[in-house]
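**Student:** Mind looking at a prediction? Sequence and model below.
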Amino acid sequence: MRTLTFALFAALLASASYSQRPAVPAAPVAADQAVSKANQALDLLIQEKYADVISMLAPHLRSALSEDQLRGGLQPILRGSGAILKRQEPKVEASGDQRTVILSVQFEKSTWDFIITVNSNGELGGLLARPGTDPSVVWAPPAYSKPGSFRTEEVTVGKGEWQLPGTLALPMGRTRVPALVLVHGSGPNDRDETIGPQKPFRDLAEGLASRGIAVLRYEKRTRYAAARLGSIKNFTVQDETVDDALAAAEYLRGRPEIDSGHIIVLGHSLGGYLITRIGRRDPNLAGLISMAGAARPLEDLIVEQNAYFASLQGNTPAALAALDKAKADAQNVKALKPNSSPSEVLFSAPPSYWLDLQGYDPAVEARALKQPMLILQGERDYQVLMTDFARWKDALKDRTNVRFRSFPALNHLFEAGEGKSTPGEYMARPSHVAADVIDEIAAWIAKI
């Protein structure tokens with residue numbers, strides 16, 4: 001979600017995953033009609049006709065998303081990206097009575113994917129902007145990746161309708177190796193956790209596989225099966241993240257190359273925030289790693305992040321309106337009760353999502369875990385702050401099998417930079433997870 005700290009600057013403004021479903025699904029909208037509607041919405045966004053876009057939304061989303069909120073979320077993206085150079089051919093995905101259209105647009109300064117869902121009534125059931133990949137920018141392996149020392153294999157994580165494609169990196173010429181599962185931040189992440197030209201999960205996978213550690217990464221449900229998530233009545237982080245992380249660990253236990261007693265889960269951002277839940281659900285995990293994991297209620301971080309964005313935008317009226325909306329939504333999240341209307345949308349998620357997290361304190365709850373833990377934080381991170389890192393340290397100071405390390409020059413993606421970190425930093429140039437992070441993780445895994 002855009003306003004969630006863990007979105008890595010994906011601007012999620014409404015989601016098809018959380019819309020109410022009819023008792024009997026209607027016939028899906030025709031693909032050409034969905035593409036036409038999506039292009040119409042994108043044209044209006046580019047023309048900054050936000051009220052017209054609001055009018056195209058499904059009723060429950062129309063009441064949940066204000067014109068100022070839409071403007072505050074998308075205007076900085078569209079104005080800051082420059083002129084449009086090319087619009088790629090649309091991609092269309094179908095699920096039930098909805099179709100999701102992906103419109104990739106290459107601007108002068110960046111590339112963005114606009115993901116627009118159209119329901120059976122021809123209304124917009126979801127609107128998402130995420131950093132795309134400029135076809136002219138080719139990811140190159142970091143210096144610490146040694147391609148001859150490992151091989152990759154395409155695999156499937158999970159069962160039934162939630163089977164997800166993934167990639168397993170295996171060290172060459174070794175057996176019974178330790179293995180690591182990579183768990184994404186929020187939003188529709190791919191297996192590499194691609195953000196513009198950055199691929200932090202691929203960096204981690206290749207760097208650690210070069211050091212003798214198998215690494216499994218996979219497509220996230222919110223990307224690979226986003227429309228299908230709408231069939232879940234009471235959507236929570238278990239559906240979004242936790243269940244697939246557990247399935248990935250279980251998959252590794254069945255691989256003969258893997259030491260089944262030496263499987264670790266690494267969560268980044270939202271994944272780091274949920275690492276305590278993952279560890280509690282699977283006590284047989286050998287270790288847990290949190291990279292930029294929040295230790296405070298998400299709604300509080302949402303407000304902080306909106307305030308930061310507003311300051312970067314010079315506290316424009318649109319940015320301040322978005323901040324005011326975030327503050328109001330945060331208060332509503334805190335006030336939710338179990339009987340809240342399931343159609344109510346707060347920060348683009350249903351009440352079930354927030355009710356599930358009420359009272360969740362990952363750092364305090366981690367005291368009860370037995371697994372060794374590694375807590376990592378970039379000191380230039382504006383999405384998850386050193387305040388959170390300090391809370392982890394304070395809560396777990398009496399546990400002897402927990403290691404903490406922060407990196408002064410690193411941002412939320414654990415990439416190096418200087419000065420104040422901004423969303424544009426992710427898009428400016430290709431970079432890589434710092435070698436110190438690879439070294440820290442590899443050394444810690446070797447010791448547990």
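**Tutor:** That came through fine. Quick caveat, the model's predicted, so the values are computed rather than measured.

**Student:** residue ranges for the helices of the stretch 51-200 of the chain, please.
**Tutor:** Listed in chain order, the helices found in the stretch 51-200 of the chain under DSSP state H, counting those that start in this stretch are 59-62, 67-80, 200-209.

**Student:** how about the strands in the stretch 51-200 of the chain?
**Tutor:** 84-87, 91-95, 98-107, 111-118, 124-131, 150-157, 164-171, 177-183 (DSSP state E, counting those that start in this stretch).

**Student:** Output the below-cut-off pLDDT ranges for the stretch 251-400 of the chain.
**Tutor:** 342-343 (pLDDT under 70).

**Student:** Turn the helices of the stretch 51-200 of the chain into JSON lines, including mean neighbour count and mean pLDDT.
**Tutor:** The way it works is simple: take the backbone N, C-alpha and C, and place the C-beta from them, glycine included. Listed next are the helices of the stretch 51-200 of the chain as JSON lines, based on neighbours: other CB atoms under 10 Å; pLDDT from 0 to 100:
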{"stretch": "helix 59-62", "mean neighbour count": "17", "mean pLDDT": "78"}
{"stretch": "helix 67-80", "mean neighbour count": "20", "mean pLDDT": "78"}
{"stretch": "helix 200-209", "mean neighbour count": "26", "mean pLDDT": "98"}
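
**Student:** My understanding was that residue 405 contacts residue 376; is that so?
**Tutor:** Yes - with the criterion set as CB atoms under 8 Å, residue 405 and residue 376 qualify as a contacting pair; they are 5.7 Å apart.

**Student:** quick one: which of these two has more around it?
**Tutor:** residue 376 (25 against 14; other CB atoms under 10 Å).

**Student:** Confirm that one sits in a strand?
**Tutor:** Yes - assessed by DSSP: H, G, I helix; E, B strand; the rest coil, residue 376 belongs to a strand.

**Student:** Overlap in contacts, residue 405 and residue 376.
**Tutor:** Taking CB atoms under 8 Å, 6 or more residues apart in numbering as the contact criterion, the residues that touch both residue 405 and residue 376 are residue 440.

**Student:** Only the buried residues of stretch 232-251, if you could.
**Tutor:** By neighbour count with 16 or more other CB atoms under 10 Å, stretch 232-251 contains the buried residues 232, 235-251.

**Student:** With stretch 333-346 instead?
**Tutor:** Going by 16+ other CB under 10 Å, stretch 333-346 has these buried residues: 333, 336, 340, 344, 345, 346.

**Student:** again, but for stretch 289-296
**Tutor:** When neighbours are counted by 16+ other CB under 10 Å, the buried residues of stretch 289-296 are found to be 289, 290, 291, 292, 293, 294, 295, 296.

**Student:** Endpoints of stretch 154-162, how far apart?
**Tutor:** 16 Å (CA to CA, to the nearest Å).

**Student:** Relative to the whole chain's centre, how far out is it?
**Tutor:** Shown here is stretch 154-162, whose average C-alpha point lies 19 Å from the average C-alpha point of the whole chain (CA atoms, centre = their mean, to the nearest Å).

**Student:** Residue 368 and residue 234, how far apart?
**Tutor:** Distance, residue 368 to residue 234, using CB to CB, to the nearest Å: 26 Å.

**Student:** repeat for residue 195
**Tutor:** Distance of residue 195 to residue 234, given as CB to CB: 30 Å.

**Student:** same check, this time on residue 405
**Tutor:** Spatial separation of residue 405 from residue 234 under the definition CB to CB is 37 Å.

**Student:** before we move on, what about residue 79?
**Tutor:** Computed as CB to CB, the residue 79 to residue 234 distance reads 38 Å.

**Student:** Go through the longest helix seen in the chain and flag the buried ones.
**Tutor:** Among the segments of the chain that qualify as a helix by DSSP state H, the longest is helix 317-334. Of the residues in helix 317-334, those buried by neighbour count under the rule 16+ other CB under 10 Å are 318-326, 329-330, 332-333.

**Student:** So which residues of the stretch 301-448 of the chain form strands?
**Tutor:** According to DSSP E, counting those that start in this stretch, the strands that the stretch 301-448 of the chain contains are 373-378, 402-407.

**Student:** want to throw the ones you listed into TSV with distance to residue 101?
**Tutor:** Output for the strands of the stretch 301-448 of the chain, formatted as TSV (distance: least, CB to CB, whole Å):
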stretch	distance to residue 101
strand 373-378	35
strand 402-407	39
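
**Student:** how about those, which one is nearest residue 91?
**Tutor:** When the strands of the stretch 301-448 of the chain are ranked by distance to residue 91, counting by CB to CB, first place goes to strand 373-378 at 33.2 Å.

**Student:** what comes into contact with stretch 312-319?
**Tutor:** Residues from elsewhere that reach stretch 312-319, judged by CB under 8 Å, 6+ apart: 68, 71, 72, 75, 76, 309, 310, 422, 423.

**Student:** Test my guess that residue 388 contacts residue 300.
**Tutor:** No - between residue 388 and residue 300 no contact is recorded; they are 10.3 Å apart, counting by CB under 8 Å.

**Student:** Comparing the two, which residue is more hemmed in?
**Tutor:** The neighbour count for residue 388 versus residue 300, taken as other CB under 10 Å, is higher for residue 388 (25 against 15).

**Student:** check contacts around the more buried one.
**Tutor:** 293, 294, 295, 296, 377.

**Student:** again, only using 6 Å
**Tutor:** If a contact means CB atoms under 6 Å, 6 or more residues apart in numbering, then residue 388 has 294, 295 as its contacts.

**Student:** That one and residue 334: what is the separation?
**Tutor:** The spacing between residue 388 and residue 334, counted by CB to CB, is 18 Å.

**Student:** Residue 303 now?
**Tutor:** Residue 303 sits at a distance of 11 Å from residue 334 (criterion: CB to CB).

**Student:** Residue 403: what's its closest spatial neighbour, skipping adjacent residues?
**Tutor:** By the measure of CB to CB, 6 or more residues apart in numbering, the closest residue to residue 403 outside its immediate chain neighbours is residue 374, 5.1 Å from it.

**Student:** Give me the neighbour count for the one you found.
**Tutor:** Other residues within reach of residue 374, judged by other CB under 10 Å, total 23.

**Student:** Repeat that for residue 281.
**Tutor:** Residues near residue 281, counting by other CB under 10 Å, number 15.

**Student:** For the closest residue to it other than its chain neighbours, grab phi and psi.
**Tutor:** The shortest distance from residue 281 to any non-neighbouring residue, by CB to CB, 6+ apart, is to residue 246 (5.7 Å). In terms of degrees, to the nearest 10, the main-chain angles of residue 246 are phi -70, psi -40.
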